[in-house]
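> sequence first, predicted coordinates after that:
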Amino acid sequence: MQAEKLTGGPLGVNTYVLSVPGRDDCIVIDPGVPMEQIRRAVGVRRVAAVLLTHAHFDHMLSAAPLREAGAQLCVHRLDAPMLTDARLNLSGLIGERLTLAPADRLLEEGDAIEAAGLRLSVLHTPGHTPGGVCYRLEDMLFTGDTMFAGGYGRTDFPGGDGARLLASLRRLAALDGSLCVRPGHGADTTIAAERRTYL
């Protein structure tokens, strides 16, 4: 399994392209980088699914063209309203009105996503947004804006909740310490490295 990290966009989002060598399809998590970056990374492969860790605009800037090419868009049920509301997804903060059509699949805690020969499990980790999630794949945890290296996402945007975010961080900190944290911004870390802050 391969997980390529792309970084870009107005807020330096980490976008991940996940694939199994030899297959002609892949998964994209948080397509916030310019579409040209994604095209270069994907090459001739088909994007089977786009997974959002949450529905803030900077994590879904390139979602529309990927969907037009046939990718299935997945987001937690509680963040679904943000796709169609520029105020909730914060795109209005940069003078834009980014909206998407409703998601193809609404996620819940404990769901499994099977696409492109991969199986990811869904952990609902609210706090940064009501429907924030992390995706676990083998020894990696894609945390979006829930957990960063040495930090975490803001809670002062619509739908943010500091107490719920702390509970989510404590939940993640109790996971296997060897898990590699692949965050929505910044450098990778591990659960072990972040654990002492939250437990």
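Happy to help now that I have it.

> strands of the chain, residue ranges please.
Along the chain, counting by DSSP state E, strands occupy 2-8, 13-19, 25-29, 46-51, 72-76, 105-107, 112-115, 118-124, 133-137, 140-144, 180-183, 189-190.

> quick one, which of those is nearest to residue 99?
With C-beta to C-beta as the criterion, residue 99 lies closest to strand 72-76 of those, at 12.7 Å. To be clear about C-beta, it is placed using only N, CA and C from the backbone, and glycine gets the same treatment.

> got the strands of the chain as a markdown table, with mean pLDDT and mean neighbour count columns?
What follows is the strands of the chain, written out as a markdown table (pLDDT from 0 to 100; neighbours: other C-beta atoms under 10 Å):
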| stretch | mean pLDDT | mean neighbour count |
| --- | --- | --- |
| strand 2-8 | 97 | 15 |
| strand 13-19 | 98 | 24 |
| strand 25-29 | 98 | 24 |
| strand 46-51 | 98 | 22 |
| strand 72-76 | 98 | 23 |
| strand 105-107 | 98 | 17 |
| strand 112-115 | 98 | 14 |
| strand 118-124 | 98 | 18 |
| strand 133-137 | 98 | 23 |
| strand 140-144 | 98 | 25 |
| strand 180-183 | 98 | 22 |
| strand 189-190 | 98 | 18 |
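
> so for residue 94, which of these sits nearest?
Nearest to residue 94 among the strands of the chain is strand 13-19 (13.1 Å), distances taken as C-beta to C-beta.

> so what's the gap between the closest one and the chain middle?
Put simply, strand 13-19 sits 9 Å off its chain's centre (C-alpha atoms, centre = their mean, to the nearest Å).

> got the angle between that strand and strand 140-144?
Calculated by axes from the mean of the first three to the mean of the last three C-alpha atoms, to 10 degrees, strand 13-19 forms an angle of 150 degrees with strand 140-144.

> what helices or strands is strand 13-19 leaning on?
Helices and strands touching strand 13-19, as assessed by 3 or more C-beta pairs under 8 Å, 6 or more residues apart in numbering; DSSP states H and E, comprise strand 2-8, strand 25-29, helix 35-42, strand 180-183.

> mind putting the strands of the chain in CSV, distance to residue 89 included?
Shown next, in CSV, are the strands of the chain (distance: least, C-beta to C-beta, whole Å):
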stretch, distance to residue 89
strand 2-8, 18
strand 13-19, 13
strand 25-29, 17
strand 46-51, 15
strand 72-76, 11
strand 105-107, 16
strand 112-115, 22
strand 118-124, 19
strand 133-137, 16
strand 140-144, 14
strand 180-183, 19
strand 189-190, 26
